[in-house]
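**Student:** fold the following, please.
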Amino acid sequence: MANAPLMPKATAVWLVDNTALGFDQIAAFCKLHPLEVKAIADGEFAQGIKGLDPIVAGQLTRDEIEKAQNEPTYRMKVHQSKVKVPETKRKGPRYTPVSRRQDRPNAILWLVVNHPELLDAQIIRLVGTTKPTIEAIRTRTHWNSSNLEAMDPVTLGLCSQIELDIEVEKAAKNAPPRPEGQELEGLLPVEETTSEEAIAAAFAQPAPKTNEEEEIDADAVFANFSSLGEDGEDER
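**Tutor:** This next block holds a predicted model:
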């Protein structure tokens, strides 16, 4: 059993109503903040929550409560069951709530574009999808490709930032080594972009046109005037 009661708020409500324990003692046992316990006692928090007897639930003994009431500095401990139920680990992709499943293609597109080093198995672990879906989005053959927008899966709530960082770090470690002499493309150093030459080049005015560029073909201009004169005579 965990170190905290199964229903901490309901347990705190019962302890406040049925014992003389201090707020700090109840907060330490239920893994709550003392101010939350005080708000429960004042009726400002957990309204409508029915108290849960931790003794009946097998999470606390009467002797433990009496000892805590006699010693204000004593911290109660959750009663450990003698029967250990083995935990079964679920195999397969991560479960995604129905309300978030429509966002998975956008998250997959973001991962494919921003982290192409990630393997399909890693993307499946992050957002809970399938290999055919990843391949369809990667090759732009997904039925809704024209409407997809790359969106961060962390922002969408499909995975945590820590989980994403772990997978990216694993992918970077497993990536093939870069050939010698080949440099990665990236941003220019700060020294180059902030130098006087770079700033002067960025704000430099275009050079004025030379006399040769401004020369006009006189014959072409007079030819246009002559054609206008002929048109005027015809109209008369």
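**Student:** tell me how the chain divides into domains.
**Tutor:** Taking automatic domain parsing as the domain assignment, the ranges for the chain are 8-70, 98-174.
**Student:** JSON lines for these, including distance to Met76, mean pLDDT and mean neighbour count?
**Tutor:** The C-beta positions use only the backbone N, C-alpha and C, and glycine is treated the same way. Written out in JSON lines, the entries for the domains of the chain read as follows (distance: least, Cβ to Cβ, whole Å; pLDDT from 0 to 100; neighbours: other Cβ atoms under 10 Å):
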{"stretch": "domain 8-70", "distance to Met76": "5", "mean pLDDT": "88", "mean neighbour count": "17"}
{"stretch": "domain 98-174", "distance to Met76": "32", "mean pLDDT": "87", "mean neighbour count": "16"}
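**Student:** CA atoms only for the strand or helix carrying Val16 - export them in CSV, please.
**Tutor:** Assessed by DSSP states H and E, Val16 sits inside helix 8-18. The C-alpha trace of helix 8-18 is given here as CSV (Å, rounded to 0.1, in the frame of the first residue of the first chain):
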residue,chain,number,x,y,z
PRO,A,8,-6.6,11.5,1.5
LYS,A,9,-9.2,14.3,1.5
ALA,A,10,-12.0,12.0,2.7
THR,A,11,-9.7,10.6,5.3
ALA,A,12,-8.8,14.1,6.5
VAL,A,13,-12.4,15.0,6.8
TRP,A,14,-13.1,11.9,9.0
LEU,A,15,-10.0,12.6,11.2
VAL,A,16,-11.0,16.3,11.7
ASP,A,17,-14.5,15.3,12.7
ASN,A,18,-13.7,12.3,14.9
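**Student:** before we move on, the earlier item: could the domains of the chain go into JSON lines alongside distance to Val78?
**Tutor:** Supplementary listing: the domains of the chain in JSON lines, determined by distance: least, Cβ to Cβ, whole Å:
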{"stretch": "domain 8-70", "distance to Val78": "5"}
{"stretch": "domain 98-174", "distance to Val78": "27"}
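**Student:** His79: which of those domains is closest?
**Tutor:** For His79, the closest of the domains of the chain is domain 8-70, at 5.6 Å, according to Cβ to Cβ.
**Student:** next structured bit after the helix holding Val16?
**Tutor:** Tracing the chain past helix 8-18, the next element assigned as helix or strand by DSSP H and E is helix 23-30.
**Student:** which helices and strands does that next one pack with?
**Tutor:** Here helix 23-30 touches helix 8-18, helix 34-42, going by 3 or more Cβ pairs under 8 Å, 6 or more residues apart in numbering; DSSP states H and E.
**Student:** would you list these in TSV and tack on distance to Asp53?
**Tutor:** What follows is those, written out as TSV (distance: least, Cβ to Cβ, whole Å):
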stretch	distance to Asp53
helix 8-18	6
helix 34-42	16
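**Student:** select, out of the domains of the chain, the one closest to Lys77.
**Tutor:** Evaluated over the domains of the chain, closeness to Lys77 peaks at domain 8-70, with 7.1 Å, by Cβ to Cβ.
**Student:** distance between the ends of that closest one?
**Tutor:** With Cα to Cα, to the nearest Å as the measure, domain 8-70 spans 23 Å from end to end.
**Student:** could we number from 179 for the rest of this?
**Tutor:** OK, 179 is where the count begins now, so the last one is domain 186-248.
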